[in-house]
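Engineer: pasting the structure only:
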């Protein structure tokens, strides 16, 4: 218990430092003293920090937390270490919905609504096809999701080929993942809290399920009901994240892997740890995205990929060494 509290305290401190880093960095250079004064509501930078940088950092944090928690649940559901929030086509459905409205010249709230509707459509389609006339299995769900995602990818290519040049840049930024136009969403925080509050009490059952469905069923775990709940929670988390910021990769894949390597696979600790670590990682990545070549901004999805690829390769190497 003391170890778990210490780990969560360290991750909480890292999250606060990441938020301070986000408040400090940007196209307008502030010293640490100026930033601390701005955080207290004093000084010339207070408006920039409180109205621009911190709201964007809060949005990045909740998006990263949604993705990491969704990835942790998805990997238990599919019992596949390569599963991430987008493996079932949620991102593709959301992209088709959002890009269709961008192609029609709409923006803002309409794009968010289109993305969320597309994500929910993808979730419903995959679940319906995977279920069929009998009980669905993780393998069947995974294969259905992969094939459906390929179909969404074809539609995305078609939309991009039809898009006028003036709309193409915004569409590509949305596809890669971008927080420059994202607004603080209290609904996203509510989804995160509800999902974490629903999954964490089931952590002991998730620990058993991770070792196989037969073992879980023999110990009295309601496997089918638990799998359905995990699917719905993971899909809702991913759909909400995609609606906010587009397709941001590697957060939901790398964060659960890294934490399992460092703190083990006990979901009583892993789920809240993923929430904190995922949010922290995306705050850092987004701060780098808007600061590296300021005043120009990079799509945050490109930064997470650049950070995630070497980290994931290191995780694979570390896993191989542990099993030697």
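Structural biologist: Everything's here; your move. All values derive from a computational prediction rather than experimental measurement. Residues are numbered from 1 along each chain as shown.
Engineer: all helices for the stretch 1-150 of the chain, in order.
Structural biologist: Using DSSP state H, counting those that start in this stretch, the helices of the stretch 1-150 of the chain run over residues 2-24, 32-39, 46-48, 54-78, 90-103, 109-131, 138-162.
Engineer: is it possible to export these to TSV including distance to residue 168 and mean pLDDT?
Structural biologist: Using the backbone N, CA and C atoms, a C-beta is placed for each residue, glycine as well. Putting these into TSV (distance: least, Cβ to Cβ, whole Å; pLDDT from 0 to 100) gives the following:
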stretch	distance to residue 168	mean pLDDT
helix 2-24	29	91
helix 32-39	37	78
helix 46-48	31	82
helix 54-78	24	91
helix 90-103	10	86
helix 109-131	15	83
helix 138-162	7	87
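Engineer: turn these into CSV, including distance to residue 278.
Structural biologist: Below are the helices of the stretch 1-150 of the chain laid out as CSV (distance: least, Cβ to Cβ, whole Å):
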stretch, distance to residue 278
helix 2-24, 10
helix 32-39, 24
helix 46-48, 26
helix 54-78, 2
helix 90-103, 16
helix 109-131, 18
helix 138-162, 21
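Engineer: any chance of those helices in JSON lines, plus distance to residue 219 and mean neighbour count?
Structural biologist: Listed next are these as JSON lines, based on distance: least, Cβ to Cβ, whole Å; neighbours: other Cβ atoms under 10 Å:
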{"stretch": "helix 2-24", "distance to residue 219": "23", "mean neighbour count": "16"}
{"stretch": "helix 32-39", "distance to residue 219": "49", "mean neighbour count": "16"}
{"stretch": "helix 46-48", "distance to residue 219": "55", "mean neighbour count": "15"}
{"stretch": "helix 54-78", "distance to residue 219": "15", "mean neighbour count": "27"}
{"stretch": "helix 90-103", "distance to residue 219": "31", "mean neighbour count": "26"}
{"stretch": "helix 109-131", "distance to residue 219": "25", "mean neighbour count": "20"}
{"stretch": "helix 138-162", "distance to residue 219": "18", "mean neighbour count": "16"}
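Engineer: select, out of those, the one closest to residue 229.
Structural biologist: Across the helices of the stretch 1-150 of the chain, residue 229 has its closest neighbour in helix 54-78 (9.2 Å, Cβ to Cβ).
Engineer: can you tell me which helices and strands that closest one packs against?
Structural biologist: Applying 3 or more Cβ pairs under 8 Å, 6 or more residues apart in numbering; DSSP states H and E, one finds that helix 54-78 makes contact with helix 2-24, helix 138-162, helix 186-199, helix 223-245, helix 251-263, helix 267-291.
Engineer: tilt between it and helix 90-103?
Structural biologist: 140 degrees (axes from the mean of the first three to the mean of the last three Cα atoms, to 10 degrees).
Engineer: how far does helix 54-78 sit from the chain's center?
Structural biologist: Relative to its parent chain, helix 54-78 has a centroid offset of 4 Å by Cα atoms, centre = their mean, to the nearest Å.
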